[in-house]
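Q: Sequence and predicted structure, then a few things I'm wondering about:
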Amino acid sequence: MTVKAFGIVSSADNSIHVEGLHDYRPIGAFSFLGRFRVIDFPISNMSNSDINRIQVYVRSRPRSIAEHVGSGRHYNINSKRGKIQLLFSQNSSSRSIYNNDISAYMENLDIIQRMHQDYVIIAPSYMVYKQDFRQLLDAHVASGADVTLLYHKVDNAREYFKNCHTVTVNKQKGVQSIDKNLGTANSKNIFMDTYCMHRDVFVELVKSANWMSSMYTLADIVNLKCKDMDIRAFQHRGYFATLTSLEDYFNASMELLDYDKAHDLLRPEWPIYTRTTDACPTQYFESAKVTNSFVSNGCLIEGTIDNSIIGRSVTIKKGAVIKNSIIMAYSTIEEGVHIENAIVDKWAHIIHAKNIRGEADAPQYIKRQDTL
């Protein structure tokens, strides 16, 4: 008999705040590589893994996620049984310690308990990776564990993954604890906020966390239960990025301008689905010069673009230079403007500021709809 799971896409923890971009939308709605939204990755992983019942939790600023996910038809799960549900919960302000994942699950517990699938896979909406969840589910069932956690081994945890959790794993792949990454060592097992467990175990953990403390998150209660329950770890391999700060978002985007890394993440046999937008192909004028960049459709390019990511329907006028930057949809860069190491949010219009430069490790952020 085939074991079946339903999927949950969870929101980012309240301790995570991405400067600038986060003021307008949740991390799941961030534009990624010009074409995708971050939430496309967990939903596509689930769709490709034959998970066709998916709950997407939205705890703040729901409009952009609701607009993008819509009916879910573009994620290739609109079979007779398939369904994406958007579940909203916001009892308090978006940055409140009480507005956490456990309170969201408690509000929707009846819906979780009515799911016909025996198992649940929970994945975050603020990490980018590719994973066949069937492998995770099969390993979990075969091990007989109560909970299986997905982790990624890194050797740069001092500089990156600052707002993430780590897992301490013994030789038998048993999880001994879940801790915050304090940047004390380079080599760490980064917990990917991805869980696999039986639906009944999940419901009991949610109830238990809610009873113990209204501040508890799912990671808190699982960490507490490491002593009493059989909690295992499953290693992820391949491209992995967490978007927990503006620098992380910038680095993850720029990293994928490397062909080999992009090829590892974006494979034809494992498509990343997204809402498509009908637009004309990008028009390159005689004065245009573009090297090593992602350029979306609908753009008008007269200037120079190097090592950058350009969103949909962006206009870059003659003499403008864009270098190591992310220009989001519908922005206009006027003549003679030089932009380097910057993130320009949607609908921005750069006219008078002729020189916008950040650092590679501290990109300059230009607000949405701003005119400079």
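A: Perfect, thanks for sending it.
Q: tally of neighbours for residue 316?
A: Look at residue 316: counted by other Cβ atoms under 10 Å, it has 30 neighbours. Placement of C-beta: from N, CA and C, glycine included.
Q: Wait, it touches residue 300, no?
A: Yes: the pair residue 316 / residue 300 is scored as a contact, 7.2 Å apart, by Cβ atoms under 8 Å.
Q: so who does residue 226 touch?
A: By Cβ atoms under 8 Å, 6 or more residues apart in numbering, the contact list for residue 226 reads 175, 176, 177, 178.
Q: Mind checking which of those residues are buried?
A: Buried subset of the contacts of residue 226 (neighbour count, 16 or more other Cβ atoms under 10 Å): 175, 178.
Q: Can you name the residues bridging to residue 315?
A: Beta bridges link residue 315 to residue 300, residue 332 when assigned by DSSP bridges.
Q: That one touches residue 299, doesn't it?
A: Yes: counting by Cβ under 8 Å, residue 299 is a contact partner of residue 315 at 7.0 Å.
Q: Pick out whichever of those two has more residues nearby.
A: residue 299 (25 against 19).
Q: can you pull the contacts of the more buried one?
A: For residue 299, the contacting residues are 282, 283, 310, 312, 313, 314, 315, 316, by Cβ under 8 Å, 6+ apart.
Q: Could you dump those residues into a markdown table and include distance to residue 102?
A: Formatted as a markdown table, these follow (distance: Cβ to Cβ, whole Å):
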| residue | distance to residue 102 |
| --- | --- |
| 282 | 45 |
| 283 | 50 |
| 310 | 40 |
| 312 | 37 |
| 313 | 40 |
| 314 | 41 |
| 315 | 45 |
| 316 | 46 |
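Q: so which of those comes closest to residue 343?
A: Distance to residue 343 across the contacts of residue 299 (Cβ to Cβ) is lowest for residue 310, with 12.1 Å.
Q: Near the closest residue to that closest one other than its chain neighbours, how many residues? Count them for me, please.
A: Leaving aside its sequence neighbours, residue 310 sits nearest to residue 295 (Cβ to Cβ, 6 or more residues apart in numbering; 4.6 Å). As a burial measure, residue 295 scores 21 neighbours (other Cβ under 10 Å).
Q: Wait, residue 295 touches residue 311, no?
A: No: using Cβ under 8 Å, residue 295 makes no contact with residue 311, being 9.0 Å away.
Q: anything in contact with each of the two?
A: Common contacts of residue 295 and residue 311 (Cβ under 8 Å, 6+ apart): residue 34.
Q: if we can go back for a sec, of the contacts of residue 299, buried ones?
A: 282, 310, 312, 313, 314, 315, 316.
Q: would you turn these into a markdown table with distance to residue 119?
A: Listed next are the buried ones among the contacts of residue 299 as a markdown table, based on distance: Cβ to Cβ, whole Å:
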| residue | distance to residue 119 |
| --- | --- |
| 282 | 44 |
| 310 | 41 |
| 312 | 38 |
| 313 | 42 |
| 314 | 43 |
| 315 | 48 |
| 316 | 48 |
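Q: what's the farthest-apart pair in these?
A: Longest span within the buried ones among the contacts of residue 299, Cβ to Cβ: 312 and 316, 13.0 Å.
Q: Pull out the buried residues from the longest helix anywhere in the chain.
A: Ranked by residue count under DSSP state H, the longest helix found in the chain is helix 199-212. Within helix 199-212, the residues that qualify as buried are 199, 201, 202, 203, 205, 206, 209, 210, counting by 16+ other Cβ under 10 Å.
Q: now swap in stretch 132-148 and tell me
A: Result for stretch 132-148 [16+ other Cβ under 10 Å]: buried residues 133, 134, 136, 137, 139, 140, 141, 145, 146, 147, 148.
Q: okay, how far is it across stretch 250-267, tip to tip?
A: Its start and end residues considered, stretch 250-267 measures 22 Å (Cα to Cα, to the nearest Å).
Q: Residue 290: how many residues sit nearby?
A: Look at residue 290: counted by other Cβ under 10 Å, it has 17 neighbours.
Q: all numbers from here: first residue = 54
A: OK, 54 is where the count begins now, so the last one is residue 343.
Q: Spell out the secondary structure type for it.
A: The three-state assignment at residue 343 reads strand, by DSSP: H, G, I helix; E, B strand; the rest coil.
Q: That one reaches residue 354, doesn't it?
A: Yes: if you go by Cβ under 8 Å, residue 343 and residue 354 touch, sitting 6.6 Å apart.
Q: and residue 56, what is it in contact with?
A: Taking Cβ under 8 Å, 6+ apart as the criterion, residue 56 is in contact with 171, 172, 190, 191, 194.
Q: right, and out of those residues, which lies closest to residue 214?
A: Once Cβ to Cβ is applied, the member of the contacts of residue 56 that ends up nearest residue 214 is residue 190, at 25.4 Å.
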